[in-house]
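Engineer: Have a look; sequence and predicted model below, questions after that.
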Amino acid sequence: NKLKFYIDPLCRNVMMGFNITWPNGGFTTSSAYYYEGDDDDFNVKFTNIRANMSSANGMRLCFQMRPPSLGGSCNTLQEMTHWSNQPKRLLEVAMYDVKQQNYECCPTFAFSTTFGGPAPPPPPARLVPFPAPPRSPPRSP
């Protein structure tokens, strides 16, 4: 099974590994991950997590990130979040097992990159005024 995080391409090579703490108290450490995609859909995939949607409920994932002294450029979840989601302060995640007809499913959830509170509300929709209807020409007497 894999977890796929949509991250900022500037954070390429910031990962050093990850730890998983399972709901039953178990602990897993791994460096099985890889980067893929381009600017619009850049992501990091954590592989061999041995979980599904049921067993993953309550698991905690801890990223081992390269510190600035070793060339790390992203030191917080907010900095790591893909540029398209940074204004929303959300980190998009997908969890999947196998490709179906060479297709990996879309992100399955997102979580807030702010701690101690809920994610901020989405920005208001842009209101685009409709043009005024054309006026009828004046009637002649």
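Structural biologist: Now that the structure is in, tell me what you want to look at. Since this is a predicted model, take the numbers as computed values, not measurements. Numbers count the residues shown, from 1 in each chain.

Engineer: okay, the residue positioned nearest the centre of the chain: pLDDT?
Structural biologist: The chain has residue 92 as the residue nearest its centroid, 2.2 Å off, counting by Cα atoms, centre = their mean. Looking at residue 92, its pLDDT stands at 87.

Engineer: what element comes up after the helix or strand that contains it heading to the C-terminus?
Structural biologist: Element membership for residue 92, per DSSP states H and E: strand 90-96. Later in the chain than strand 90-96, the nearest helix or strand by DSSP H and E is strand 109-112.

Engineer: For stretch 6-15, list every residue counted as buried.
Structural biologist: By neighbour count on 16 or more other Cβ atoms under 10 Å, the buried set for stretch 6-15 is 6-8, 11, 14-15. Placement of C-beta: from N, CA and C, glycine included.

Engineer: related to what we said a few turns ago, which residues does the strand holding residue 92 contact?
Structural biologist: 1-7, 51-53, 56, 77, 80-82, 85, 104-113, 119 (Cβ atoms under 8 Å, 6 or more residues apart in numbering).
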